[in-house]
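A.B. asks: Show me how the following folds:
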Amino acid sequence: MSRKALSFFAVILVFLLPFLPVKAVEITVDGESHVYPLGSTIEISYIHSVERSTVIEVLVANDSGFYAVEMKWKDFGAGLPEDIQNLTDGFYVKKTHDYLGREFRYWFIPINHANITVDGSPVIVNSDGGRQVVVDFRIKRVPLIMKLIGRW
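C.D. replies: Got it, this is the predicted structure:
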């Protein structure tokens, strides 16, 4: 293969490589999407609408989808686990590995005062002003260039 042909393929590779699709976590709030790398720790905290106590759910995502890996809660009642594994900082704690799927949705009402962080960075705080918020989570393919330029 000639040097000219190799140069041509190298140029094509340089221009195509940034557009190769890679999987990422997409979190959409009110039509605004945020993209994060797989393996990010997602923490969702909210006030339980019946028990009126704090609940914290910790999720991670990989190629196959989202997994709930930990749940913390302060009270027992409607929809809250009864099988505690330990007590830490006033929270009942349960470690899990529950598959949630490749996409799912949370619907928060004003009394939930929901907070979502990804690797410690806020996505929503206090349900964006204590209002009703729908949050969509999904695994999505995005161009590699988004990672290369630091857009996640």
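
A.B. asks: so who does the spatially most central residue of the chain touch?
C.D. replies: The centroid of the chain falls nearest to Ile42 when counting by CA atoms, centre = their mean (4.6 Å). By CB atoms under 8 Å, 6 or more residues apart in numbering, the contact set of Ile42 is Val25, Ile27, Val58, Leu59, Val60, Ala61, Phe66, Ile116, Thr117, Val118, Phe137. Bear in mind the C-beta positions are built from the backbone N, C-alpha and C, glycine included.

A.B. asks: Report the secondary structure state of it.
C.D. replies: Using DSSP: H, G, I helix; E, B strand; the rest coil, the secondary structure recorded for Ile42 is strand.

A.B. asks: how much space between it and Pro81?
C.D. replies: Using CB to CB, to the nearest Å, we find Ile42 at a distance of 19 Å from Pro81.

A.B. asks: before we move on, the earlier item: can you pull up the bridge partners for the residue nearest to the centre of the chain?
C.D. replies: Leu59, Val118 (DSSP bridges).

A.B. asks: From Asp119, how far out is it?
C.D. replies: 8 Å.

A.B. asks: what's the answer for Arg141, then?
C.D. replies: From Arg141 to Asp119 the distance is 21 Å (CB to CB).

A.B. asks: And Arg52, by the same measure?
C.D. replies: Taken as CB to CB, the span from Arg52 to Asp119 is 29 Å.

A.B. asks: Measure how buried the residue nearest to Ile139 when sequence neighbours are not counted is and give me the count.
C.D. replies: For Ile139, ignoring the flanking residues on the chain, the nearest one in space by CB to CB, 6 or more residues apart in numbering is Arg102 at 4.8 Å. When neighbours are defined as other CB atoms under 10 Å, Arg102 has 15 of them.

A.B. asks: how about Arg102, what does it touch?
C.D. replies: Residues near Arg102 by CB under 8 Å, 6+ apart: Ser64, Gly65, Phe66, Arg138, Ile139.
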